[in-house]
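Engineer: Got a predicted structure plus its sequence, pasted below:
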Amino acid sequence: MLFLQALLSGILTGGVYALAGIGMSLVFGVMNISNFAHGDLMMLGMYLAYFAFTLLHIDPYLSLILIMPIAFLFGFMMEKVFINRVIYHPHQNQILLTVGLGLIMSNTALLAFTSDPKILTTSYSSSAFNIPGGIFLSVPLLISFLITCGITAILSLFLLKTSTGMALRATSQNREAAQLMGINVAKMSAIAFGIGTALAATAGALIAPTYYIHPLAGHSFLLKAFTICVLGGLGSVAGAGVGGLIIGVVEAMSSTYISSDWKDVVVFVLFLAVLLLRPQGLFGKKGGQA
Amino acid sequence: MLDIQNLHAGYGEMPVLRAITIALVEGEIVSVVGSNGAGKSTLLKAISGIIKSTGTIKFNQESLHALPAHTIVQRGIVHVPEGRKIFPDMTVVENLMMGGYLHQKDRQLNLEKVFALFPKLAERRNQLGGTMSGGEQQMLAIGRGLMGNPKLLLLDEPSLGLSPLFTEVVFGAIRTINSTGVTVLLVEQNVYQSLKISHRGYVIETGSIVLTGTGEELLDNKEVKRAFLGM
């Protein structure tokens, strides 16, 4: 029973991790840029949900309807103003830029919101479904997971069936050939970054009811999102989805059977093992574009 | 139709093309032949806007200077790149659909035309592009180019690495495409085959045009024979 409990909680948490990882992976796939501001964008999503709840009295899950388009526009503009300048530059320049943008965001949040953690308490924050057999599923985590599934399904349909979605995939598979098809790759980059930002903010908003909301909360999530991307294969959206679930389950298992202090250690041991044994990630291609 | 004058282009600080002047008349097949590294691919990349260049490139009297690549495609200049560059994780049909990205209304009709030209692609329609052989990928790359309603088709080394059989198929297809009214600018190392199907040709050496004439004239030229045909 303990095992099943850990497994189910792990999957529920992993779903939200997956959402963060998918956003990062999509950006990497289309733009070949590792976005080190991804965690801070999640943090912004947490605060957006918090303020939507405290100031406007909108339920954090309902507020996604507002947060997603705002975050998309924010990411789209951020790409147009900053990121597109480094697309064809070496990775170290891109890392400096995105780390810098992340620092600006987290420190602005520190100034504006202070370092006191905020807590978003809804009427259902600590309620749980009781499944016969002694298993408890947290209600907010369950709702988050279902929303994650919905968003992932919509994103998949978008990427597989729509013209813009296919153009995004084409850009990620071969940027030069995509240009030759008449695809405006600069626009695709901005769209990809907008979607990546929207997914990060969504993941942040989804965990807001169950985590401390803090200006530096993004850093640990950045590490998680990055681990998920590498685990699944950088640039692979499906891989990031699976990677997120794996990380969630591994964390829950190690918290249950070892100690919650050790869960990060187990995650990173797994991460290193994947790098050693399958450096291209679970779904990545060997020798694919770096 | 295409008028290029005094074109210079290169990668970063390294110049590759020096004062290239060539012209294409509508309906022609023109080939640019030369050895590896002479600047043939650079020429096509400069025309399609993948790399920056200086000089004038006019297409139907309109300057293409400094236009981004995706807007040059809109004018009917379709570039089939060296090394095919197909989308590996898309199926044959999806690859072709991407070729018709700007011409979504004509996709179905164009798809049938491509399948008629390359029946093999119709058989493989649901196979992933990345799992096909080099020759099949080349057919797919050309087919994908045709989906873009080209007025001028730029072909970069379509026979590179192909078996003699596939080479025949590809050169035959180029003739068929040309007979439907598409002007073709062909860049090739396979000098004999390409000059044979071309109305005119240019010989390029270290970034400059050194010789020009009709396909037959160039095939008869002593220098061409010595340098490229081993005669």
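Structural biologist: Right, received. Where do you want to start?
Engineer: C-alpha from now on. contacts and neighbour counts both.
Structural biologist: OK.
Engineer: how much space is there between the residue in chain A that chain B sits nearest to and residue B:75?
Structural biologist: Minimum separation of chain A from chain B (C-alpha to the nearest C-alpha) falls at residue A:182, amounting to 3.9 Å. The gap separating residue A:182 from residue B:75 is 10 Å, by C-alpha to C-alpha, to the nearest Å.
Engineer: And the two? Which one has more around it.
Structural biologist: Just comparing residue A:182 and residue B:75: by other C-alpha atoms under 10 Å in any protein chain shown the higher neighbour count belongs to residue A:182, 25 against 17.
Engineer: What ranges does chain B have for its strands?
Structural biologist: With strands called from DSSP state E, chain B shows them at B:2-11, B:14-24, B:29-33, B:53-59, B:62-63, B:77-80, B:152-156, B:183-188, B:200-205, B:208-214.
Engineer: Select, out of the ones you listed, the one closest to residue A:2.
Structural biologist: Proximity to residue A:2 (C-alpha to C-alpha) singles out strand B:77-80 among the strands of chain B, at 58.7 Å.
Engineer: for the residue lying closest to residue A:10 once chain neighbours are set aside, what are its contacts?
Structural biologist: Leaving aside its chain neighbours, residue A:10 sits nearest to residue A:249 (3.9 Å; criterion: C-alpha to C-alpha, 6 or more residues apart in numbering or on different chains). Residues near residue A:249 by C-alpha atoms under 8 Å, 6 or more residues apart in numbering or on different chains: A:6, A:7, A:8, A:9, A:10, A:11, A:13, A:14.
Engineer: Report pLDDT for residue B:65.
Structural biologist: Here the pLDDT value assigned to residue B:65 is 85.
Engineer: Could you pull up phi and psi at it?
Structural biologist: For residue B:65, the backbone dihedrals are phi -60, psi 130 (criterion: degrees, to the nearest 10).
Engineer: Contact partners for it?
Structural biologist: Residue B:65 neighbours (C-alpha under 8 Å, 6+ apart): B:53, B:54, B:56, B:57, B:58.
Engineer: Distance from the longest helix seen in chain B to the middle of the chain?
Structural biologist: Looking across chain B with DSSP state H, the single longest helix is helix B:164-179. Distance of helix B:164-179 from the chain centroid (C-alpha atoms, centre = their mean, to the nearest Å) equals 13 Å.
Engineer: Repeat that for stretch A:24-34.
Structural biologist: On C-alpha atoms, centre = their mean, the centre of stretch A:24-34 falls 12 Å from that of its chain.
Engineer: okay, the helix or strand encompassing residue A:77 in PDB with CA atoms only?
Structural biologist: Assessed by DSSP states H and E, residue A:77 sits inside helix A:64-81. Extracted in PDB, the C-alpha atoms of helix A:64-81 (Å, rounded to 0.1, in the frame of the first residue of the first chain):
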ATOM      1  CA  LEU A  64      -4.700  29.900 -15.700                       C
ATOM      2  CA  ILE A  65      -7.100  31.400 -18.300                       C
ATOM      3  CA  LEU A  66      -5.400  34.800 -17.600                       C
ATOM      4  CA  ILE A  67      -1.900  33.600 -16.700                       C
ATOM      5  CA  MET A  68      -1.300  31.600 -19.900                       C
ATOM      6  CA  PRO A  69      -1.900  34.400 -22.400                       C
ATOM      7  CA  ILE A  70      -0.100  36.900 -20.200                       C
ATOM      8  CA  ALA A  71       2.900  34.600 -19.900                       C
ATOM      9  CA  PHE A  72       2.800  33.800 -23.600                       C
ATOM     10  CA  LEU A  73       3.000  37.500 -24.500                       C
ATOM     11  CA  PHE A  74       5.700  38.000 -21.900                       C
ATOM     12  CA  GLY A  75       7.800  35.200 -23.400                       C
ATOM     13  CA  PHE A  76       7.100  36.300 -27.000                       C
ATOM     14  CA  MET A  77       8.300  39.800 -26.200                       C
ATOM     15  CA  MET A  78      11.300  38.500 -24.200                       C
ATOM     16  CA  GLU A  79      12.400  36.600 -27.300                       C
ATOM     17  CA  LYS A  80      11.900  39.500 -29.600                       C
ATOM     18  CA  VAL A  81      13.900  41.900 -27.400                       C
END
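Engineer: Let's test this: mean pLDDT of it, rounded?
Structural biologist: Average pLDDT, helix A:64-81: 97.
Engineer: List of residues touching that helix?
Structural biologist: A:45, A:48-49, A:189-191, A:193-199, A:201-202, A:205.
Engineer: Close to chain A: what parts of chain B are there?
Structural biologist: Contacts of chain B with chain A, taken as C-alpha under 8 Å from any C-alpha of the partner chain, map to B:48, B:50, B:69-74, B:78-81, B:85-89, B:98-102, B:145, B:148.
Engineer: Those residues in helices, which ones?
Structural biologist: Using DSSP H, the residues of chain B next to chain A in helices are B:48, B:69, B:70, B:71, B:72, B:73, B:74, B:98, B:99, B:145.
Engineer: what sits against the third one?
Structural biologist: Neighbour list for residue B:70: A:179, A:180, A:181, A:182, A:183, A:184 [criterion: C-alpha under 8 Å, 6+ apart].
Engineer: got it, and the first one?
Structural biologist: With contacts taken as C-alpha under 8 Å, 6+ apart, residue B:48 has the following neighbours: A:180, B:69, B:72, B:73, B:77, B:78, B:79.
Engineer: Apply 10 Å and report the result again.
Structural biologist: If a contact means C-alpha atoms under 10 Å, 6 or more residues apart in numbering or on different chains, then residue B:48 has A:179-180, B:42, B:64, B:67-73, B:77-80, B:154 as its contacts.
Engineer: Separate out the buried members of these.
Structural biologist: Among the contacts of residue B:48, those classed as buried by 16 or more other C-alpha atoms under 10 Å in any protein chain shown are A:179-180, B:42, B:64, B:68-73, B:77-80, B:154.
Engineer: Pick the one among those closest to residue A:133.
Structural biologist: Set against residue A:133, the nearest of the buried ones among the contacts of residue B:48 by C-alpha to C-alpha is residue A:179 (56.8 Å).
Engineer: Provide the secondary structure category for the residue nearest to residue A:10.
Structural biologist: helix (DSSP: H, G, I helix; E, B strand; the rest coil).
Engineer: Nearest residue to the residue nearest the centre of chain A in space, please, no chain neighbours.
Structural biologist: The residue lying closest to the centre of chain A (C-alpha atoms, centre = their mean) is residue A:20, at 0.8 Å. Leaving out its chain neighbours, the residue that sits closest to residue A:20 by C-alpha to C-alpha, 6+ apart is residue A:200, at 5.0 Å.
Engineer: and the one you found, what is it in contact with?
Structural biologist: So residue A:200 contacts A:16-17, A:19-24, A:37-46, A:68, A:71-72, A:194, A:206, A:218, A:221-222, A:225 (C-alpha under 10 Å, 6+ apart).
Engineer: all helices of the stretch 51-200 of chain A, in order?
Structural biologist: A:64-81, A:91-113, A:139-161, A:163-173, A:175-180, A:185-207 (DSSP state H, counting those that start in this stretch).
Engineer: wait, which of these is closest to residue A:273?
Structural biologist: helix A:91-113 (24.2 Å).
Engineer: Residue A:106 and residue A:217: what is the separation?
Structural biologist: 9 Å.
Engineer: if we look at stretch A:268-288, which residues are touching it?
Structural biologist: Stretch A:268-288 has contacts (C-alpha under 10 Å, 6+ apart) with A:173, A:223-224, A:227-240, A:242-243, A:246-247, A:250, A:263-267.
Engineer: Using neighbour counts, pick out the buried residues of it.
Structural biologist: A:270, A:271, A:274, A:279, A:280, A:281, A:282, A:283, A:284.
Engineer: Next step: those residues restricted to strands.
Structural biologist: Per DSSP E, the buried residues of stretch A:268-288 never map to strands.
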